[in-house]
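Trainee: Need a 3D model of the sequence below.
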Amino acid sequence: MIKKRISYKDDAVSPVVGVMLMLVVTIIIAAVVSAFAGGMADSQKATPSMVLEATYSQADGMTISHSGGDPVALSDVEFRTIPSSLFGPDAEKFAYAFPKTILNATGSKPVINATSGYYYKSSFTAGDVLSIIPKDAKDYITDAEIAANCPQKSGKAACQALQGQINLNAQIWWGTVKTDDPNDKSVYFRSYQFANPANIGKYFYLEMVDPTGNIITRTKVPITA
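Mentor: Numbering: from 1, shown residues only. All right, here's what the predicted structure looks like:
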């Protein structure tokens, strides 16, 4: 009687193990990607959606109003002014992010302490109005003021002290103003100043931007007397 040798083959084991390993690796990768994506979502701040309005009076200064939408952390934003093309072809070059130290909350209390950096008002919410007093909103001085305070180029600092910081790029003073000379540099810069009486009726833009310079919202600001 011939005995047959029985053999047990494990040919099917390798494919099963391979499939299981692939499943394990796939699950691990999916978990890592999910965790990474979740971390990114948590670290990114959503851009607020809000309505910004502003007024500018050469006599009374400026107001900035939150007219609706999301609250904004004032430490996370900057305010930037830009003359419109009504001022001249170089308007965009005069964009300027003014310091928040000139902003005041209700009761004329400053938004931020210029020395310590402490925010007396940390959030800007619907219904809030911030203000800038006339002295800080002023970017123009008359010929008489120049003659009395800083008639020579060496007196530039004295002239700058008479002006605020809302539109600083247009406040460069080049010495005695020659209003009858269209080529004089001071005449050129004066044409972009918000408080210049000749600019009543024109408008500039106020932008709220995030720390990277991306625009959150923008509004048109008419200039009144």
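
Trainee: show me the contacts for Ala198.
Mentor: Each residue near Ala198 by CB atoms under 8 Å, 6 or more residues apart in numbering is listed here: Ser191. Yep, even glycine has a C-beta here, placed from its N, CA and C like the rest.

Trainee: give me the number of residues near the residue lying closest to Pro83 once chain neighbours are set aside?
Mentor: Nearest non-adjacent residue to Pro83, counting by CB to CB, 6 or more residues apart in numbering: Ala91, 4.2 Å away. Other residues near Ala91 come to 18 when the count uses other CB atoms under 10 Å.

Trainee: likewise Pro83?
Mentor: 26.

Trainee: give me the beta-bridge partners of it?
Mentor: Under DSSP bridges, the beta-bridge partners of Pro83 are Phe204.

Trainee: And the residue nearest to Ser85 when sequence neighbours are not counted, how close does it get to Met208?
Mentor: Excluding its sequence neighbours, the residue lying closest to Ser85 (CB to CB, 6+ apart) is Ala91, at 5.2 Å. Noted for Ala91: a distance of 19 Å to Met208, by CB to CB, to the nearest Å.

Trainee: ditto for Tyr96
Mentor: Separation of Tyr96 from Met208 (CB to CB): 14 Å.

Trainee: again, but for Lys138
Mentor: Counting by CB to CB, the gap from Lys138 to Met208 is 22 Å.

Trainee: With Ala158 instead?
Mentor: 33 Å.

Trainee: Looking at those two, which is more packed in?
Mentor: Using other CB under 10 Å, the more surrounded residue of Ala158 and Met208 is Met208, with 20 against 16.

Trainee: got any residues that touch both of Tyr96 and Met208?
Mentor: With CB under 8 Å, 6+ apart, Tyr96 and Met208 have common neighbours Arg80.

Trainee: Report pLDDT for Ala114.
Mentor: Ala114 is assigned 88 on the pLDDT scale.

Trainee: residue ranges of the helices in the chain, please?
Mentor: 13-43, 134-137, 143-149, 156-161, 185-190 (DSSP state H).

Trainee: Would you mind listing the buried residues in the shortest one?
Mentor: Spelled out, that is helix 134-137. Asp136, Ala137 (16 or more other CB atoms under 10 Å).

Trainee: Does anything pack onto that helix? Which helices or strands?
Mentor: Contacts defined by 3 or more CB pairs under 8 Å, 6 or more residues apart in numbering; DSSP states H and E place helix 134-137 against strand 61-69.

Trainee: quick check: domain ranges of the chain?
Mentor: Residue ranges for the domains of the chain, per automatic domain parsing: 11-44, 50-224.

Trainee: looking at those domains, which is buried most?
Mentor: Most buried of the domains of the chain by mean neighbour count (mean count of other CB atoms under 10 Å) is domain 50-224; its value is a mean of 16.
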